[in-house]
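Chemist: please find the sequence and the predicted model below.
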Amino acid sequence: MQLPLVGVTVMLERNVLQVYPAAESVVGSLHMAHTEWRDAPELPDFSLLKRLARDQLIFLLEQLPGKKDLFIDADLMSPLDRIANVTILKQHEVDKLYKVELKPIVSSSDQLCFLIRPRIQTVKWISDLVNADKVAGRFRRYKIIFTPQKFYACETVLEEQGVYGDVTTDEWNFYILPLDDDILSLELPEFFRDNFLEGDQRWVTTAGSALHLLQSVYGSFSKVYGIGRCAKMVYESWRELMEEGEQRTRQPEFAKVFLVDRDVDFVTPLCSQVVYEGLVDDLFRIKCGSVEFGPDVTSSDKSIKVMLNSQDKVFSEIRNEHFSNVFGFLSQKAKNLQTAYDKRRGMDIQQMKAFVSDELKGLKQEHRLLSLHIGASESMMKKKTKQDFQELLKTEHSLLEGFEIRECITYIEEHINRQVSMIDSLRLLCLLSITENGLLSKDYRSLKAQYLQSYGIKHLLTFANLRQLGLLEEQQAGETLTVMESKVGKLVNDKTVGKLTDAFSSLAKKSNFRALSKRLALVPKSGEEYDLRVPRDMAYVFSGAYIPLSCKLIEQVLERDGWTGLEEVTRMLNGQEFAVTGGSSSSEARNKTDAQRIVLVMFLGGCTFSEISALRFLGKERGCRFIVVTTAITNSARLLEALLDNHA
Amino acid sequence: HHYIGATWHVLKIELYEMGWNLKDGLRECLVAAAPYGGPISLLKGHNRRSPSARPQLEIYSSSGLPLASFPWKSGVVKQLGWTVSDDLLCVQEDGTVLVYDLLGGFKRHFSMGNEVSQSQVLETKIFHSPYGTGVAILTGALRFTLATNIDDIKLRRLPEVPGLQGAPSCWAVLTQDRQSKVLVANGSHLFILDNTACTPVTPPGLSPQASSIVHMCVSFSYKYLALLTDSGHVWMGTSNLKEKLSEVDTKIKTPPKQMAWCRRPKSQQPSAVVMWDGLLIVVGECKETIQYHLDDDSILVPELDGVRIISGTHHELLQEVPGACEEIFKIASMAPGALLLEAHKEYEKESQKADEYLREIKEQSLLSEAVRQCVEAAGHEHEPETQKTLLRAASFGKCFLSNFPPEQFVSMCRDLRVLNAVRDYTVGIPLTHTQFKQMTVQVLIDRLVYRKLYPLAIEICRYLKTPEYQGVSRVLKHWACYKVQQKEESDEVIAKAVSVKLADAAGIFYSEIATKAYESGRTELAIKLLEFEPRSGEQVPLLLKMKKSPLALSKAIESGDTDLVYTVVMYLKNELNRGDFFMMLRNQPVALSLYKQFCKHQEQDTLKDLFNQDDDHEELGNLYVKASYKEQRLEARIALLQSAVDEYYKAKNEFSAKTTEDEMRLLRFQRKLEEEKGELLVGFSLHDTMTTLLSVGLHKHAEQLYKDFRVPDKRFWWLKLKSLAEKEDWEELEKFGKSKKSPIGYLPFVEVCIKHHNKYEAKKYVSKVTPEQKVKAHLAVGDMEGAAEAAIERRNESEISTVLSRCSATTDHLLMERLNRAKATAVKK
């Protein structure tokens, strides 16, 4: 399969030069990327993490010998599938598999095993099952496997429900799922809401343990940077684990680690994504590295599930491209494929035999993927080149630029009034609020009232949540942090005020986006032509209109080897930045090794594909590579849906 | 060496000349000596009952050095015994068992049950099993009561022995099939008692002359049993009574004082020791016995690999001669080890014979065997000089071997150094090498710690390079726990001493030491010590115990471990009254959010109380709104919303209050209409309600909502526009467009018609569109000319470009020329 692809690439280049001069730069840049890639450091083999997780799971299942039925939390189904498929589970005497639905169960097995996230309501459901069995005089064995860890609160529930002695519990320390060569996910979407909205810090140790796991498998780090309250806590938790464990002096596999809280940058995940992978996620929702393309894409009557990662040769070439380039690229690719097929003509038997055995399979595979991606990008073009989408993008860009705000408000108002999209309207409102440091009282009230008319007053709760996170606020005269402090100060002693201030800081924090944007040059000067086919900087992931704040921070800190010179920026971001030299004695001599050019970036609260694309671009520019560790892949819809209150 | 006997060899060596000074020796004493060279306890005059002359309890090391001594003030003691962890058990007549440490400190007491205390203790045996130390009691009612592990007492009363009239002639405790059983002899009958049954058994081949079994003993491993009959025969066999090993006639018919097995592990020979007054007889496989005279009252202490004999003046060890020693030391031995020893002796004398001996060994290729023998023999020797001689010989032999693995030699040297140190008179732990290997270094260290021999323990740990965590740190921890109990020193001095000594030791948990301090009533010292604990999480449990709840909570939060925070919160919830509890949470936002999360799922009402306490009316309002959505019944739902409204007003959040009131009105309106028109409406948003009403033609009702709920004109126009277009009611749409000036302009009219593929209707509105939107409108209906006209008229460059981009090069050639000209002038302008 390797050989024919090289052939295709070469031909691709020639054809393009002759026939489609316009597309030259696209392919040229892709090709250049390839040559640079060769110089890029090798990434560690993360499949080891899967093996570790699988072995532990098998061990745990064998702790309950004999046939058993396995109940799995719905959101663990896909991650589990990446680790151990049904065949493996069956080999370890799992009889039937069920999804946890928090409803009464139908199982005749004498042994029930539950593989769940440590959530109170699930444990409560299990307790009810056990108690129901008791009433019915039915004897079974129950085992709960919590992943990635168990929480005391869950055990309290078992105790309160009087089933503590009837159930055995265990932990499956499945902290990290490698989604791709450079994407590791904790698959904990609830991290965002729990940590940032509810102030529940229980996942902090989980994130710390994940880093500790990476460190113990792949070696230590020479430098750790971070920004955000949660990042700091995660680092502390990780450091404690490091100190408890054995000190191993191993060649580090990563040079640096950067920890960043999602609430440091809310603007980026709220923007419409326009690079291919991000757009696929926005439109079709990528779940655990795989996407289901519906009939409109497959141009048949059935849906097809596709894994989207670097194994897919077509996808890996377009995933980071601006979608306006993708269609042209794909159709060119299709022509080349045809040429490759056409080679058959004029072959003798021997050549044909060789062709069929060596090339045809690869070509067919490529053909299949190509037609899927062409279908997807067609469907994208249909939806996204419409005037509506163009206007939406225009509004977003105006907001980022701070230009024609009145028009933007009118647009948002119409968007709400016409009930175009519940989530998109909310997204625009949030973008407006963050970029403008809150809405004028008059606008805030009128927009909120209209939103409630469109979507119901249950969104009063949504608005309360958005306000608490600082995503959507009313500009208030005078009500600042100091006022809050003095209010609270009357109630408690001085020592706790500091801590309270800390806790309230997210509440009263100003986004300072405009000033930050100016300081870090996030928004390129308007009016300048931006050739999306030849990206100049990371702004290309948002059509040249905006460089993601999170990625810009990473770039700046790596460049300066710390936060020096960024004092103004960190002040506007509410401080909480840190830079620590790691445990491994990093000698200068090692600087040249591959490992020194690998940077691990951990997003606490989720990261978007646009950010990953931006970091990949940055890596190519700087000759290094980024590995993204995230609590979950997010996008504007997931971020906002997590803040709705309809789940309770 | 004392070699006694002819056909098999038993070795008796002196361990110590006893350091104690006992006036009457061991006469009239209750004596118990712990195995593995453990301590010895004596109770003199234990049968005395008068308070004026209390018996004295004394504890000594194996070398007879005093460890503790105190007058016995409790009840009559029937039996003394030692646990596996060197604690002294004193079993009283009433079945109470008192536990002391080996320095005489009282630890605790427990009872062997009502039945025992009522019928009193007749006889007692203390035994060891894999489950710990056990106590077996024969009561005055001739029943047995058993506890297999005194650390986890489960009393078992064994079944009755049939035909038992008085005390049985003898009995013993066995461990078989993971169960403790009692073997009882009543005359010539033998029974095994387990939990459920009393089974008569017959030892195979027991000499028929016997009419009664007068004594019995079980080996250290519980594998073998020896029975002594009134005819003076010793029967030896397996304890499961399946096999007889031998039977020997002692020719003495008086009952003995004590009997014990004397056998090393893996030995082929059965051998037991029977003791009468002044006489000790060793019996084995053959008919001959070895007799040994005793000067003084003695006791036998069975060990894993022999028997210790303790008298008023001496402490001796009786052992079967180890194989390696016998091979080397037996006269004229030609064993490789013996030759090597000889070779080395000659070598030291610088004699050529050394070479001859060596060659002899090498010719048989037995040099490594010779080295091995010497090393092994050294391990069994108690005299350091003999050990050295043997080890030197081994070392000498090793020089002539190229690939001999050094581990055995090195570890033997180390072990012997440790053994010699603990065998020292001042320490008094006479362990053999076999015992040492069985007990492990860990346990030896523990034993030294029990004796408070901390420096020696640490030295041994360092010498053996025991990992710090299991070695030095563990000893230091015990030291510190001991130190904090010393009442005469001040808190500051102790805290300082502890921190200095423990400073760089790995794996020390200051919390454990602090707990000890707290348990000895020194709270202040405990708090001081906790300060040294770097893991804040470790401080929490003790702080809670000491009722320092606020400190515990902040330490838990500091640790970043939410589980720990949660533990404290749950503890406080039960400990404090609700008001104080809420108050404490209020000062700790992290704990508060955690508790709120819990309440959300488990205790909704508590959540309400929490917000109430804080006067957080905003949150209360939100809580009611949320509750209203779970409520199915409309009235209840409205009631909840009313509560929300009240709270919002209290929170001075007029906006939310008004909105919620609107919602209540809307719900009532929806319900009314549902009843009247049968349209499902309840729960819809205002927008959706109006959409539904318009789509089913209830225009008047939609208009009513529009007026009542201050719906912006724009929204209403969008709604109506969309609804009419969907029904393709073009006539009505036209009327609506003319009803007044459209607040949303007329471009939406054009677009909605096009969306429903009605170009004809769309065109009607193009002329009404504002000049800014003209181009768009023309383009929407596909009128290129009109679009071009409008754009040129407005001289707007970007609009001209838009039109140009939509022109087709083939059909709109002329138009493009015009547009390009206009564009040029527009740019110029």
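Modeler: The structure has been received and is ready for your questions. Numbering: from 1, shown residues only, chains lettered A, B, ... in the order given.

Chemist: all contacts plus neighbour counts: C-alpha atoms, from now on.
Modeler: OK.

Chemist: now for the residue nearest to A:Cys624 when sequence neighbours are not counted: which residues touch it?
Modeler: Counting by CA to CA, 6 or more residues apart in numbering or on different chains, A:Cys624 lies nearest to A:Arg597, which is 4.6 Å off, once chain neighbours are set aside. Neighbouring residues of A:Arg597 by CA atoms under 8 Å, 6 or more residues apart in numbering or on different chains: A:Pro41, A:Phe254, A:Ala255, A:Gly623, A:Cys624, A:Arg625.

Chemist: 10 Å instead?
Modeler: Listed by CA atoms under 10 Å, 6 or more residues apart in numbering or on different chains, the contact set of A:Arg597 reads A:40-43, A:253-256, A:591, A:619, A:622-626.

Chemist: ok, and the helix or strand in the chain with the lowest average confidence?
Modeler: Let's take chain A. The helix or strand of chain A with the poorest confidence is helix A:2-19; it has a mean of 29 (mean pLDDT, DSSP states H and E).

Chemist: right idea, wrong chain: chain B
Modeler: Of chain B's SSEs (mean pLDDT, DSSP H and E), minimum confidence goes to strand B:3-4, a mean of 43.

Chemist: give me the residue from chain A nearest chain B.
Modeler: A:Gly456 (4.2 Å; CA to the nearest CA).

Chemist: quick check: next helix or strand after the least confident helix or strand of chain B?
Modeler: Next along the chain after strand B:3-4, taking DSSP states H and E as the criterion, comes strand B:10-17.

Chemist: what comes into contact with that following strand?
Modeler: B:1-5, B:62-64, B:262-263, B:271, B:282, B:290, B:306-322, B:381-382, B:423-425, B:428-431.

Chemist: in strands only, show me the residues you listed.
Modeler: Secondary structure assignment by DSSP state E places B:3-4, B:282, B:290, B:306-311, B:314-320 of those in strands.

Chemist: and these, which of them are buried?
Modeler: Buried by 16 or more other CA atoms under 10 Å in any protein chain shown: B:282, B:290, B:306-311, B:314-320, out of those.

Chemist: the stretch 201-350 of chain B: strands as residue ranges?
Modeler: For the stretch 201-350 of chain B, strands defined by DSSP state E, counting those that start in this stretch occupy the ranges B:213-218, B:224-229, B:233-238, B:244-249, B:258-261, B:272-276, B:279-283, B:289-293, B:298-303, B:306-311, B:314-320.

Chemist: how about the residues of the stretch 1-150 of chain A by chain B?
Modeler: Proximity of the stretch 1-150 of chain A to chain B, by CA under 10 Å from any CA of the partner chain, involves residues A:Arg119, A:Ile120, A:Gln121, A:Lys124, A:Lys150.

Chemist: flag the shaky bits of the stretch 501-648 of chain A, pLDDT-wise.
Modeler: Counting by pLDDT under 70, the ranges of the stretch 501-648 of chain A that qualify are A:501-510, A:526-528, A:582-595, A:646-648.

Chemist: got the phi/psi numbers for the residue of chain A closest to chain B?
Modeler: Per-residue torsions, A:Gly456: phi 100, psi 160 (degrees, to the nearest 10).

Chemist: got it, and A:Tyr164?
Modeler: According to degrees, to the nearest 10, A:Tyr164 has phi -50, psi -40.

Chemist: can you pull the contacts of the nearest residue to A:Gly606 once chain neighbours are set aside?
Modeler: Of all residues beyond its chain neighbours, the one nearest A:Gly606 is A:Ala632 (4.7 Å), with distances taken as CA to CA, 6+ apart. Contacts were defined as CA under 10 Å, 6+ apart; by that measure A:Ala632 touches A:184-192, A:288, A:603-608.

Chemist: what's the answer for B:Gln670, then?
Modeler: Counted by CA under 10 Å, 6+ apart, B:Gln670 has contacts B:Met664, B:Glu676, B:Glu679, B:Leu680, B:Leu681, B:Val682, B:Gly683, B:Phe684, B:Leu686, B:Thr689.

Chemist: near the last one, how many other residues are there?
Modeler: Going back to what we said before, that points to B:Thr689. A count of nearby residues for B:Thr689, using other CA atoms under 10 Å in any protein chain shown, gives 23.

Chemist: in this structure it contacts B:Leu680, no?
Modeler: Yes. Applying CA atoms under 10 Å, one finds B:Thr689 in contact with B:Leu680, separated by 9.2 Å.

Chemist: could you list the low-pLDDT ranges of the chain?
Modeler: Just going to use chain A. Looking along chain A with the criterion set at pLDDT under 70, you get A:1-39, A:245-254, A:385-386, A:477-510, A:526-528, A:582-595, A:646-648.

Chemist: actually chain B
Modeler: Checking chain B against pLDDT under 70 turns up B:1-8, B:46-51, B:504, B:506-507, B:827-829.

Chemist: indicate the residue of it located nearest to chain A.
Modeler: B:Ser685 (4.2 Å).

Chemist: buried ones in the lengthiest helix in chain A?
Modeler: Looking across chain A with DSSP state H, the single longest helix is helix A:361-384. Using 16+ other CA under 10 Å as the test for burial, helix A:361-384 gives A:362-363, A:366-367, A:369-378, A:380, A:384.

Chemist: can you check stretch B:495-510 too?
Modeler: For stretch B:495-510, by 16+ other CA under 10 Å, it's B:Ala495, B:Val498, B:Leu502, B:Ile508, B:Phe509, B:Tyr510.

Chemist: mind putting these in JSON lines, secondary structure included?
Modeler: Compiled in JSON lines, the buried residues of stretch B:495-510 are given as follows (DSSP: H, G, I helix; E, B strand; the rest coil):
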{"residue": "B:Ala495", "secondary structure": "helix"}
{"residue": "B:Val498", "secondary structure": "helix"}
{"residue": "B:Leu502", "secondary structure": "helix"}
{"residue": "B:Ile508", "secondary structure": "coil"}
{"residue": "B:Phe509", "secondary structure": "coil"}
{"residue": "B:Tyr510", "secondary structure": "helix"}
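
Chemist: and chain A, which of those residues contact it?
Modeler: Applying CA under 10 Å from any CA to the buried residues of stretch B:495-510, none is adjacent to chain A.

Chemist: columns distance to B:Glu356 on top of the residues you listed, output as TSV?
Modeler: Below are the buried residues of stretch B:495-510 laid out as TSV (distance: CA to CA, whole Å):
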residue	distance to B:Glu356
B:Ala495	67
B:Val498	61
B:Leu502	57
B:Ile508	58
B:Phe509	61
B:Tyr510	63
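
Chemist: which of the residues of the stretch 1-150 of chain A next to chain B count as buried?
Modeler: A:Ile120, A:Gln121, A:Lys124, A:Lys150.

Chemist: on that earlier part again, the buried residues of helix A:361-384: which two are farthest apart?
Modeler: Pairwise distances across the buried residues of helix A:361-384 (CA to CA) peak at 31.7 Å, for the pair A:Gly362 and A:Lys384.

Chemist: can you give me the domain assignment for chain A?
Modeler: Following the TED database, one finds the domains of chain A at A:5-36+A:272-385, A:46-177, A:181-265+A:548-583+A:592-643, A:388-436+A:438-510.

Chemist: please identify which of these is closest to B:Phe581.
Modeler: domain A:388-436+A:438-510 (14.5 Å).

Chemist: show the buried residues in the contacts of B:Gln670.
Modeler: For these, buried by 16+ other CA under 10 Å: B:Met664, B:Leu681, B:Val682, B:Gly683, B:Phe684, B:Leu686, B:Thr689.

Chemist: which phi and psi does the closest residue to A:Met422 other than its chain neighbours have?
Modeler: Using CA to CA, 6+ apart and skipping residues adjacent in sequence, the residue nearest A:Met422 is A:Tyr455, 7.2 Å away. With angles defined as degrees, to the nearest 10, A:Tyr455 sits at phi -120, psi 10.

Chemist: you'd agree A:Tyr455 is up against A:Thr462?
Modeler: No. Applying CA under 10 Å as the test, A:Tyr455 and A:Thr462 come out as separate, 11.0 Å apart.
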